Every structure is written in C-alpha cells, then in structure tokens.
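> give me coordinates for this.
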Amino acid sequence: MWQDLKPIGRNPESGGYRRYAWTGADAECRAWFEAQARSRGLTYELDRNGNQWAWLGDPAQGNAVVTGSHLDSVPDGGPFDGPLGVVSAFAALDELRRRGAEFTRPLAIVNFGDEEGARFGLACVGSRLTAGQLTPEQAHRLRDADGITLPQAMERAGHDPEAIGPDPDRLARIGAFVELHVEQGRALDLSGDRIGIASAIWPHGRWRFDFRGEANHAGTTRLVDRRDPMLSYAETVLAARREAELAGAVATFGKISVEPNGVNAIPSLVRGWLDSRAADQATLDTVVEGIEKAAREYGDRHGIELDVVRESFTPVVEFEHALRDEMARILGEGRDTDIRVPVLGTGAGHDAGILSGSIPTAMLFVRNPTGVSHSPAEYASEDDCLAGVTALADVLEGLACK
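Numbers count the residues shown, from 1 in each chain. As a prediction, the model looks like this:
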C-alpha cells in the first residue's frame, strides 16, 4: 500500500508532496482509497462534504468505531503526515482479519478531505463542515491563490458544492473515532517510546497581518522618506520569536505576500500570516497580543498602517478521558510487553480535534526520530510504523470486537 501511494503528488524537484484539495493529485489519492476499500469487500461511500468512508458492517447499527486520517498535504510536505493513519487503518483491519476477530460493532475507515488547508487557507475543511464548525456560506467564500473558489474547485472535480454542510446523522452513527498519526515533534524519540497516546491538542490559530505603506522607487527614494512596510513586518517576525520564547509557546510567520513584489520597488503592502500555538488559552492570548502590540509600535514608528485579522482558531482539545484511558488499558495488556505507551500533548491540529466536540475521539502517535514534519525529511521507521499498526489493531479489537 505504501509503495502504491508514495509517488502520487510527489514533486520531483523538492521530493515533497503537493496533494492539494480537489486537484489531480487529490483525485488519485481518492481513487487509491476507493480501490483499497473495494478490494477488502468494504462498502465505499463519499459523503456530502467530500470525505471518503469504507464500512465493515451496517453503519445504521450505530455506535461504530472509526479510524483513519487524511491524504492531502501541505506544500512540499512529507509522506507520513496523514497518509500513515489511512494506510495503518487498512493494515490494522487486515491484521484483525488475520487474527479471526469477530466484530460486534460496525467499523469504518475514513479519509477526511482538505485537512491541511494548503489550497484554501483553512485547515480541516471536511471535518469542520461535517461537525457544523464551518457553515456552507463560509466555505463558499474560500478562495485559492488563483481566485478559484471552493465550490468551483469541487464542481470541477465532479462533486456537488451545493450539498455541503453539517452531517449530524453521520456523526450520530459513530461511537468512537481513533486517529493514528506520525508524531510531529520529538517527545517519543526523547523518551525512547515507539507509540504514544494523545492527551490534548494545544489551542492554536492563524492571524493575517496587513502592513500598508507607500510604494516607491528603490533606487531614488531616500531612506528617511520611505514608508516601507517590509521593515515593520521584519521586526514583527523577530517579535513573534521573542514573545513565544518568553511564554514557552510557538509562533511562526511562514507565509508572506508582497505588493507590487518588484525587486526595485518599495512595497506598498506586506501581508504575513502568523501561526501561533500554546499549551493553554491564556498563554496563547498573551503571545498574540504581544506580537500585535509590537507590530503596531513598529508601524507607528515607520508610518505604516496595520490590520490584523484572525482567519481561524481552534480552542484547546482535551481528548475524552474515558476513551483515552480505555486505550491505555488495552495497550497495557498488549501482546508486546516491550511497548510502553506514554500520554503526551501536541501542538498540531487534527481532524480528531475538530470532531471531539461531537463524538468521543482519541489519537495514537508513532515515533518520529527527527521530529521533522511538513517537510520531505519527515520520517518514521518501518518497525515503528508496524508497531503503530499493531497498537491500532489492538485498540480496534478492544473497542469493536468480542
């Protein structure tokens, strides 16, 4: 499975993946998922929001156990973020069938659409729509860098954009959702453990900073006469690092847009996007407020106007303790006594976090020896991945089987 999926959407120059929502690469990933489902005799379903489902048993029975993740990527992302959870879900089902497991609850494997938000700028679109955290009206206003709206992209890919929206009936069928994911950090590597259980997802959000100055000639305009928004932007980037370090949080300006974007022109507009995350809401608020305060002070100094817009936000997610504790119990009684399963928090957002407000959710992490993610250098060893499959199979067996 891994080898079949590996070349889809891979950029030959960077070695990274460009699997953006409702593109050709996305369509190939979707075809791969459907083929995996049908080859196992599972009932394949594409829901109104573009999420793919593979069912074992009758979903109408309710109290289903669901596992899976996503197949899309960030720009030039790594191979494991998302796909590891989907591949491992199919492999775990294969393992349970090998064991002769008898299912007492329906089981489903899911591929949530547009989790990374690389094309339209909002993460977890498929799960947000399903959970009612993103309205159809809001979704219809999303645009990519070329001005193509989400409805236009969906329609070009053969999906009906008018059908999107909350799906409470589907969520009502689900008794538990367990998402396996490569760890996006080094906690497991530092502790020497192959598998971990998520305790919580840090609150996080995305803010757009618009610095407006005055376009002018780079060669003839005296420095003292300039209203250069790039200076305020650069100083704000440094302020973000400083505020995050002081608070024990993280803050990143990872995307920038410049107008008129000429080598010999002083910009009129610099637009930067801030991603910030912290262990608790109060700390996150302190960090973002500190960054904005610094940006306004720098702007006033250089004659720059500043607008700050919060484009997305996800509050802290505490995964349901009962499901988390049950997973720990199941894995504590596992067949491999060498596997210790610590509980750890994460600064990365996931579909499991979005769904946690509607259904019981939990997460398993597989060790990432470098901690690198959202990069072609992202990695997990085959032994650790197989340990993840075994752990997921154990959990699914404990939840869905006799």
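
> quick one: contacts of stretch 298-309?
Around stretch 298-309, the neighbours that count as contacts under CB atoms under 8 Å, 6 or more residues apart in numbering are 207-214, 226-229, 231-232, 235-236, 239, 292, 295-296. (C-beta placed from N, C-alpha, C; glycine too.)

> I'd like the next helix or strand past the helix ranked longest in the chain.
When the chain is parsed with DSSP state H, its longest helix is helix 281-302. Downstream of helix 281-302, the first helix or strand assigned by DSSP states H and E is strand 305-314.

> by how many degrees do that following strand and helix 281-302 diverge?
160 degrees (axes from the mean of the first three to the mean of the last three CA atoms, to 10 degrees).

> tell me what the helix or strand just after strand 305-314 is packed against?
Once the chain leaves strand 305-314, the next helix or strand it forms, by DSSP H and E, is strand 317-318. Strand 317-318 sits against strand 195-201, with contacts defined as 3 or more CB pairs under 8 Å, 6 or more residues apart in numbering; DSSP states H and E.

> now the following helix or strand past the strand it packs on: mean pLDDT?
Per DSSP H and E, the first helix or strand lying C-terminal to strand 195-201 is strand 204-212. Mean per-residue pLDDT for strand 204-212: 96.

> quick check: next helix or strand after strand 204-212?
Later in the chain than strand 204-212, the nearest helix or strand by DSSP H and E is strand 216-217.

> that next one - what's its average pLDDT?
Averaging pLDDT along strand 216-217 gives 97.

> so what are the sheet partners of it and their directions?
Sheet pairing for strand 216-217, assigned by DSSP bridges, gives strand 265-266 (antiparallel).

> need phi/psi at Phe365.
Here is the backbone geometry of Phe365 (degrees, to the nearest 10): phi -110, psi 140.

> report pLDDT for it.
On pLDDT, Phe365 comes in at 96.

> and what of Arg10?
pLDDT at Arg10 comes out at 97.

> what's the answer for Thr337, then?
50.

> with Ala247 instead?
pLDDT, Ala247: 97.

> so what's it up against?
Ala247 makes contact with Ala278, Thr283, Thr286, Val287, Gly290, according to CB under 8 Å, 6+ apart.

> over to Ser73?
By CB under 8 Å, 6+ apart, Ser73 lies in contact with Gly9, Gly16, Tyr17, Arg18, Arg19, Tyr20, Asp81, Gly82, Glu116, Ala118.

> SS state for it?
Here Ser73 is recorded as coil under DSSP: H, G, I helix; E, B strand; the rest coil.

> is it true that Lys402 touches Glu102?
Yes. The criterion here is CB atoms under 8 Å, and Lys402 meets it with Glu102 at 4.8 Å.

> quick one, which of those two is more surrounded?
Comparing Lys402 with Glu102 by other CB atoms under 10 Å, the one with more neighbours is Glu102, at 10 against 7.

> contact partners for that one?
Contacts of Glu102 (CB under 8 Å, 6+ apart): Cys401, Lys402.
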